[in-house]
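*Asks:* Generate a structure from the sequence data that follows.
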Amino acid sequence: MTNALWGQQWFFIRGCLEIPVHDSAEPFLWGLWASVREEVYDEISDSWEEQGRERVRGPFKGRLANSLSVYTGTLDLKVKILIQPVATRPLFIVEDLEHPLAIEQHTGISEERSQSLASVLLHQERPEWPADV
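*Replies:* Next comes the predicted model:
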């Protein structure tokens, strides 16, 4: 993506941020974007179908490119990007251990918190769209 105003290019990686859910085999999963340097984007892109890439590539550094409504200050939050096996998106690990998202990522959340997050995200008010859209 090119920023016409400054002539800069921005590079983004789609990944997942997992939060363990206590007493559950399944984590709470966020699908997010991270901005990365061009070299990082190129390396991840070039190895997208490379078997065993998770053992020889990364970790990389990036910054979250999302503002999460249930946490403050997530846009531009530093993340470590861990490459996963082929056909699996990279994992994002929040590096600011003081941030509430990082705390939940490292300590996990209750099933009740997981359901509460899902409920808030699924039932957020949507904008009213004109009938002709």
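
*Asks:* and the residue nearest the centre of the chain, which of the three is it?
*Replies:* Geometric centre of the chain, nearest residue: L32, 3.2 Å, by CA atoms, centre = their mean. Secondary structure, DSSP: H, G, I helix; E, B strand; the rest coil: L32 is strand.

*Asks:* What helix or strand is the closest residue to it other than its chain neighbours located in?
*Replies:* Nearest residue to L32, sequence neighbours excluded (CB to CB, 6 or more residues apart in numbering): N66, at 4.9 Å. (C-beta placed from N, C-alpha, C; glycine too.) Using DSSP states H and E, N66 maps to neither a helix nor a strand.

*Asks:* Not counting sequence-adjacent ones, nearest residue to E50?
*Replies:* V86 (7.0 Å).

*Asks:* Show the contacting residues for R53.
*Replies:* 47, 83, 85-86 (CB atoms under 8 Å, 6 or more residues apart in numbering).

*Asks:* Just the buried ones from the residues you listed, in PyMOL syntax?
*Replies:* Restricted to buried positions by 16 or more other CB atoms under 10 Å, the PyMOL selection for the contacts of R53 reads:
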select buried, resi 47+83
